[in-house]
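got a predicted model here, sequence first, then my questions.
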Amino acid sequence: MIKGFIKSLSVTVIIAVWLSAGAFLRAEEEFQGKLLTGSGVAAEKMIKLKITIERYTSADEVLKLIDVFSQQGYESFVDKFRTMIKGFFLPVGGHGVKVNIHAAHSIQKEKGRQILLFSERQTWDLGSMQRVDNRFPYMVIELNLDDKGKGEGKFYEQANIKLTPQGTIELESYNSPPKRIFAVSTMK
């Protein structure tokens, strides 16, 4: 009877740990911030940005992307990357379009965390007149948050990414300086 109880308790603990780990990957989070658009001669304006993360990317998903790239090539990799929808971001109350986030990482730091979001490069701000460099086919958003869920970020409109053997995606390089995201905060 005691062995049965211990076995049942062990199974319950294993299931609880598995579900809590999976819940973190699936946990929806929303952030808001203010993005300074325009540069140089173009008039700069501040727009509100809403970011919704429905799920985070697992190491296994990144390793599968690496495998697709090595086995089937770049076009197959891009096709697979496009199917991964982890959330979206959009300008609030302005001219802009909703952009799907294809990969998302939350990295614990000493005092807070860093969130990295990856998407295909596209025209998201309909008022923008930015020149496109096809050598940088991705967009990356970096949010740096303190323990209270507040901070700032950077928005790289034209970037390259790197997939690592550790199952992460990183910003590799970018074409122009990032736009700053001010007053980032957690909405939920």
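On my side now, so go ahead. Numbers count the residues shown, from 1 in each chain.

just checking, Q71 is part of a helix?
Yes - counting by DSSP: H, G, I helix; E, B strand; the rest coil, Q71 is found in a helix.

tell me the strands beside the longest strand along the chain, with direction?
Ranked by residue count and defined by DSSP state E, the top strand of the chain is strand 150-163. Strand 150-163 pairs in its sheet with strand 138-145 (antiparallel), strand 169-174 (antiparallel), strand 179-186 (antiparallel), by DSSP bridges.

please work out which of those is packed deepest.
When the strands paired with strand 150-163 are scored by mean count of other C-beta atoms under 10 Å, the highest mean neighbour count falls to strand 138-145 (a mean of 22). In this view, the C-beta of every residue, glycine as well, is placed from N, C-alpha and C.

contacting residues around it?
31, 33, 51, 89, 99, 109, 112-122, 124, 151-161, 171, 174, 178, 181, 184, 186 (C-beta atoms under 8 Å, 6 or more residues apart in numbering).

buried only: go through the residues you listed for me.
31, 33, 51, 89, 99, 112-113, 115-119, 121, 124, 151, 153-161, 171, 174, 178, 181, 184 (16 or more other C-beta atoms under 10 Å).

who's in contact with the longest strand of the chain?
By C-beta under 8 Å, 6+ apart, strand 150-163 touches 33, 35, 62, 65-66, 69, 112, 118, 121, 130, 132-133, 135-145, 169-176, 178-186.
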